[in-house]
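1. quick one, what's the 3D model for this:
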Amino acid sequence: MTKNQKIDVARTLYLMTEKTQKEICEVVNWTEKTFTEQKQKGKWNEMRDTKV
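-> I've put the predicted structure just below:
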């Protein structure tokens, strides 16, 4: 999986499922630090908040 594919998969799982950060990291083979960096960079929390 390319970096961009991992970002897409992680973002989709974060926004569309109830998976934990740790579970998502296992799927895309990231550390939780990398996940947090991508989440902040992509403003995923804001996307999640507007979805609800």
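2. which helices and strands does the lengthiest helix in the chain pack with?
-> Determined from DSSP state H, the single longest helix within the chain is helix 3-16. With contacts taken as 3 or more Cβ pairs under 8 Å, 6 or more residues apart in numbering; DSSP states H and E, helix 3-16 sits against helix 21-28, helix 32-41, helix 44-51. Every C-beta, even on glycine, is put in place using the N, C-alpha and C of the backbone.
3. pick out the shakiest of the ones you listed, pLDDT-wise.
-> Note on the helices and strands packed on helix 3-16: lowest mean pLDDT is at helix 44-51, with a mean of 85.
4. pull out the buried positions in that helix.
-> Residues Trp44 are the ones in helix 44-51 that count as buried (16 or more other Cβ atoms under 10 Å).
5. turn the helices and strands packed on helix 3-16 into CSV, columns for distance to Arg11.
-> Shown next, in CSV, are the helices and strands packed on helix 3-16 (distance: least, Cβ to Cβ, whole Å):
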stretch, distance to Arg11
helix 21-28, 9
helix 32-41, 8
helix 44-51, 6
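6. got the angle for the longest helix of the chain vs helix 32-41?
-> Angle of helix 3-16 versus helix 32-41, following axes from the mean of the first three to the mean of the last three Cα atoms, to 10 degrees, is 80 degrees.
7. need the contact list for Ile24.
-> Neighbouring residues of Ile24 by Cβ atoms under 8 Å, 6 or more residues apart in numbering: 10, 13-14, 30, 35.
8. closest to Lys22 among those residues?
-> Lys22 lies nearest to Phe35 out of those, by Cβ to Cβ, at 8.7 Å.
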